[in-house]
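*Asks:* test case, fold it:
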Amino acid sequence: QVQLVESGGGLVQAGGSLRLSCVASGRSVSTYRMGWFRQAPGKEREFVAAIRWSGGSTYYGDSVKGRFTISRDNAKNTVYLQMNSLKPEDTAVYYCAAGPATKGLHTWNSAYDYWGQGTQVTVSS
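*Replies:* Purely as a prediction, here's the structure:
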């Protein structure tokens, strides 16, 4: 089992920045892929970004490319999502997820076995 705990959400003005953190505990995630997804009210869960724990390859959704950066800290077992130039349409609950690196595509919800509880990000105009 892997437990994931997100933090760092909040209220920010358009154009501002936030950094989300996701701490993983339990079994080792060294062979896993870590992802960030988001879900706005009335919308489907959307892929935001992913990183392979081993090697550090990164992937981004089209709507966040150039604005968001995913990274990891091996020593702290933590994945970060740095969000810059935030827009009102970035408002959503952001979820951290973990799954085997070879399972499915990184954009699929079903590629991830473990999910955090989510953290709210609200961007005001």
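
*Asks:* please name the nearest non-neighbouring residue to the residue nearest in space to the middle of the chain.
*Replies:* By C-alpha atoms, centre = their mean, the chain has its centre lying nearest to residue 36, at 2.0 Å. Excluding the flanking residues, the one nearest residue 36 by C-beta to C-beta, 6 or more residues apart in numbering is residue 48, at 4.3 Å. Glycine gets a C-beta too; all of them are placed from N, C-alpha and C.

*Asks:* ok, which stretches of the chain are strands?
*Replies:* In the chain, the segments counted as strands under DSSP state E are 2-7, 10-13, 18-26, 32-39, 46-52, 58-60, 68-73, 78-83, 92-100, 114-115, 119-124.

*Asks:* for the last one, buried residues please.
*Replies:* Buried positions in strand 119-124, judged by neighbour count with 16 or more other C-beta atoms under 10 Å: 119, 121, 123.

*Asks:* name every strand pairing with it and say which way it goes.
*Replies:* Sheet pairing of strand 119-124 (DSSP bridges) gives strand 10-13 (parallel), strand 92-100 (antiparallel).

*Asks:* endpoints of stretch 83-102, how far apart?
*Replies:* For stretch 83-102, the first-to-last residue distance is 27 Å (C-alpha to C-alpha, to the nearest Å).
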